[in-house]
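Asker: quick one, structure for this:
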Amino acid sequence: MSIGVPKVPFRRFGKEKSRWIDLYQRLYYDKIVFLTREITGIIVNQIIALLLYLGKDNDDISLYITSPGGGALASLGIYDTIKSLVPNVRTIGMGLAASGASLILSEGQRVNESHSLTLGF
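Answerer: Numbers count the residues shown, from 1 in each chain. All right, here's what the predicted structure looks like:
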């Protein structure tokens, strides 16, 4: 049974009332992105669009990666996007970052968690 996406309270600066938003939306406000699936064309489009949107201002972005990888061409799309952004993208390897995911991990300001494994490029 799926628990769904949890809701968390969120209050904008200067507002008195909080509202409930889903956890991922809240993390996006803090410029935190997750890559946790096989890298396919659909995932690449979503990640690139999100990185471009979050990169509009100069606050750093954190990209948490645990992925079995995927196609090299698809991975290069995310790699090139990270390279072109003005804000720094901190890439954090958690669990497994294989194949194309290891390429993406290498482009950002890389951090590996203590039990992470990087395989590939």
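
Asker: now what about the host helix or strand of residue 103, what contacts it?
Answerer: According to DSSP states H and E, residue 103 maps onto helix 100-107. Helix 100-107 has contacts (C-beta atoms under 8 Å, 6 or more residues apart in numbering) with 35, 39, 63, 65-72, 74-76, 78-79, 82-83, 89, 91, 93, 97, 118-121. Where you see a C-beta, it was placed from the backbone N, CA and C, and this is true even at glycine.

Asker: and the nearest residue to residue 100 once chain neighbours are set aside, what is it in contact with?
Answerer: Distances taken as C-beta to C-beta, 6 or more residues apart in numbering place residue 75 nearest to residue 100, at 2.8 Å, with adjacent residues excluded. Applying C-beta under 8 Å, 6+ apart to residue 75 gives the contacts 39, 44, 69, 99, 100, 101, 103, 104.

Asker: likewise residue 51?
Answerer: Contact analysis of residue 51 by C-beta under 8 Å, 6+ apart lists 33, 61, 63, 78, 81, 82, 85, 89.

Asker: one more: residue 88?
Answerer: Residue 88 touches 60, 61, 108, 109, counting by C-beta under 8 Å, 6+ apart.

Asker: ok, and the most crowded of those?
Answerer: residue 108 (23 neighbours; other C-beta atoms under 10 Å).

Asker: the residue nearest to residue 100: which element?
Answerer: Element membership of residue 75, judged by DSSP H and E, is helix 72-84.

Asker: got the buried residues for the helix or strand just after that helix?
Answerer: As assigned by DSSP H and E, the chain's next helix or strand after helix 72-84 is strand 89-98. By 16 or more other C-beta atoms under 10 Å, the buried positions in strand 89-98 come out as 89, 90, 91, 92, 93, 94, 96, 97, 98.
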